[in-house]
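Engineer: could you look at this predicted model? Sequence included:
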Amino acid sequence: MRFLTTPTTDLTYNDVFLVPSMSRVTSRFDVDLSPADGTGSTIPVVAANMTAVTGRRMTETMARRGGLGILPQDIPLDVIAEVTAWVKQRSPRWETPVVLGRTSTVHDALGIMHKRPHGLVVVVDEDGGYEGLVLEADCRDVDRFTQLGDLARGDGPQFQEEDVPADGDTAALRSVYETMAQARVSAAPVLRGRTVAGLVTRQGLVRSTIYTPSVDARGRLRVGAAVGINGDVGEKAARLLEAGVDVLVVDTAHGHQVKAMEAVAAVRALNPQVPVVAGNVVTGDGVRDLVSAGADIVKVGVGPGAMCTTRMMTAVGRPQFSAVVECAEAAADLGAHVWADGGVKHPRDVALALAAGASQVMVGSWFAGTHEGPGEITVDAAGRAYKESFGMASARAVRHRTIGEDRFSRARKALFEEGISNSTMYLDPQRPGVEDLLDHITSGVRSSMTYAGAASLPQFSSRAVVGIQSQSGYDEGRPRSESWS
Ligand SMILES: NC(=O)C1=CN([C@@H]2O[C@H](COP(=O)(O)OP(=O)(O)OC[C@H]3O[C@@H](n4cnc5c(N)ncnc54)[C@H](OP(=O)(O)O)[C@@H]3O)[C@@H](O)[C@H]2O)C=CC1
Ligand SMILES: Nc1nc2c(ncn2[C@@H]2O[C@H](COP(=O)(O)O)[C@@H](O)[C@H]2O)c(=O)[nH]1
Ligand SMILES: [K+]
């Protein structure tokens, strides 16, 4: 990456823009989005290790589309083991529907339907055999205690596993898509005999031609998990490895401290056969110290996060674009990598972080407001659906993290609050699922890369030309939904 003009101050995403240059990449579909950092991901997007962001459904869905979800450090280790096993049993090909028995009620269905973006439940009989689908619309105007078996429609298209091509062969998937379009359905079950193996959606079929799932050596979806720096970090990391996690993240607010180095060294001493990510830092020195302690990838970002009050409380941090530029350079010198963590709110921010040299970009709060986020869906007075998000250093998270400690210690720890406890993350009606956001992000990044003439992420960061803009330059780039006066 090179700057068009030499910066005289540190910069964040809104302060900069990318200049187009001569391109020999003729299609946006020819762009390879795989990060070159050994994580096995095929798109450079990671769901953050935040309790309000990443649970089993987020992890599963991210991996199916080639990304990664990091289970947070506050989840008990036995739960992480159970979730990891569960994700690894999910199909890399088929989407996971909400499944209920025929005697479950409309009330049950409406309570659970929004855990997935499909707007339906799959109904099975007592032996687990497929009976039919119940759509959200079918639940209107019927008594809440109506049994699903009485509503299920079994007359739409259904496929056996072998009917749907396993690879991303566009022509073969097109005919499955056409069958569904002609039947005017957006989703259909995939069966193994009578058992439900999963769900195909029309959008999912299109995605299968664009994304490649992120799978381990045994073809199972990949899972990431985080540990903090307190307690016996080596022991905790060993249990995560035993559970089968594919990426380990050592996570703390101030990654450039002795305890963080010791924690990373304890993880490295286990000789893990998976990438070790550590953070957070914002300087080249921080990168060098974490890499020499044993990190393969360093997480960059202090204070940019949407839930984060660190900069207001402490004045500490650094505008994120400059932090990523300096840290990526330091990491490249050592053959290591950085992830840009926090502050991402538009596809352009992801493109800029990658141009600055990050191998991947971590997204938190933006993903909290999706069907796959762990929060409960709530509807506000204006009828807008939302989920709550909160920071991992908020009073709410600290209360939860210290639950086993005595009251006095908990009261002492409660003083250092550096995150907000309640934030409203609306579901975007156009993009209510995390896959919709991934489509939005990756299409922006693919296009951005072709403007720079880059067919791969390493090419993108070496070819990118970055300019510095005024606030009015940034504003000029925003669309208007109304006329000027
Ligand atoms: N990226 C960011 O900008 C930030 C992220 N976070 C997130 O919040 C979560 C909790 O992290 P964390 O607060 O590190 O908590 P942890 O409980 O994981 O551990 C922090 C440890 O480091 C010590 N410490 C020393 N200096 C600091 C400091 N300036 N800030 C925090 N701890 C310090 C603490 O001791 P003692 O308590 O005795 O001081 C404690 O032992 C993580 O998920 C982290 O990523 C939090 C803040 C900023
Ligand atoms: N200072 C704090 N930072 C936090 C807290 N919780 C999470 N984080 C950091 O934010 C990113 C995600 O950023 P986002 O803009 O995408 O939401 C996350 O990965 C952490 O590094 C917090 O309570 N305080
Ligand atoms: K912030």
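Structural biologist: Structure received. Residues are numbered from 1 along each chain as shown. Ligands and ions are numbered 1, 2, ... in the order given.
Engineer: so how far is the longest helix seen in the chain from its chain's centroid?
Structural biologist: Longest helix of the chain, by residue count under DSSP state H: helix 434-451. What separates the centre of helix 434-451 from the centre of its chain is 14 Å, taken as Cα atoms, centre = their mean, to the nearest Å.
Engineer: residue contacts, Gly317?
Structural biologist: 282, 302-304, 310-311 (Cβ atoms under 8 Å, 6 or more residues apart in numbering). Heads up, the C-betas are built off the backbone N, CA and C, glycines and all.
Engineer: how does it look with 6 Å?
Structural biologist: Applying Cβ atoms under 6 Å, 6 or more residues apart in numbering to Gly317 gives the contacts 302-303, 310-311.
Engineer: quick check: buried residues in the following helix or strand past the longest helix of the chain?
Structural biologist: Downstream of helix 434-451, the next assigned helix or strand under DSSP states H and E is helix 457-463. For helix 457-463, the neighbour count (16 or more other Cβ atoms under 10 Å) marks 457-461, 463 as buried.
Engineer: I'd like those laid out as a markdown table, including pLDDT and distance to ligand 1.
Structural biologist: Output for the buried residues of helix 457-463, formatted as a markdown table (pLDDT from 0 to 100; distance: Cβ to the nearest ligand atom, whole Å):
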| residue | pLDDT | distance to ligand 1 |
| --- | --- | --- |
| Leu457 | 98 | 23 |
| Pro458 | 97 | 26 |
| Gln459 | 97 | 29 |
| Phe460 | 98 | 25 |
| Ser461 | 97 | 22 |
| Arg463 | 97 | 29 |
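Engineer: now for these: which two are most distant?
Structural biologist: Farthest-apart pair in these is Leu457 and Arg463; separation 10.8 Å (Cβ to Cβ).
Engineer: so which residues on this structure come close to ligand 1?
Structural biologist: 228-230, 251-254, 257, 259, 280, 301-303, 305, 308, 310, 342, 392-393, 416, 418 (Cβ under 6 Å from any ligand atom).
Engineer: what does the helix or strand Val87 falls within rub up against?
Structural biologist: Following DSSP H and E, one finds Val87 within helix 77-89. Taking contacts as Cβ under 6 Å, 6+ apart, the residues outside helix 77-89 that touch it are 56, 59-60, 71, 220-221, 223, 225, 239, 243-245.
Engineer: okay, now the unreliable bits of the stretch 101-250 of the chain?
Structural biologist: Scanning the stretch 101-250 of the chain for pLDDT under 70 picks out nothing.
Engineer: quick one: the helices in the stretch 351-485 of the chain?
Structural biologist: Secondary structure of the stretch 351-485 of the chain (DSSP state H, counting those that start in this stretch): helices at 365-368, 395-401, 407-413, 434-451, 457-463, 471-476.
Engineer: tell me the most buried of these?
Structural biologist: The highest average neighbour count among these, using mean count of other Cβ atoms under 10 Å, belongs to helix 365-368 at a mean of 27.
Engineer: the closest residue to Arg56 other than its chain neighbours: neighbour count?
Structural biologist: Sequence neighbours aside, Val83 is the residue nearest to Arg56 in space, at 4.6 Å (criterion: Cβ to Cβ, 6 or more residues apart in numbering). Number of residues near Val83 (other Cβ atoms under 10 Å) recorded here: 23.
Engineer: so which of the contacts of Gly317 are in helices?
Structural biologist: Per DSSP H, these map to helices at 310-311.
Engineer: most neighbours, which of the contacts of Gly317?
Structural biologist: Busiest of those [other Cβ under 10 Å] is Val302, holding 26 neighbours.
Engineer: close enough to count as contact, it and Gly279?
Structural biologist: No: with contact defined as Cβ atoms under 6 Å, Val302 does not reach Gly279; the gap is 8.9 Å.
Engineer: what about the residue of the stretch 101-250 of the chain at minimum distance from ligand 1, distance to ligand 2?
Structural biologist: Proximity of the stretch 101-250 of the chain to ligand 1 (Cβ to the nearest ligand atom) peaks at Gly228, 3.4 Å away. Separation of Gly228 from ligand 2 (Cβ to the nearest ligand atom, to the nearest Å) stands at 12 Å.
Engineer: OK, contacts around that residue?
Structural biologist: Contacts of Gly228 (Cβ under 6 Å, 6+ apart): Gln73.
Engineer: can you offset everything so residue one is 39?
Structural biologist: Okay, using 39 as the starting number, the last item reads as Gly266.
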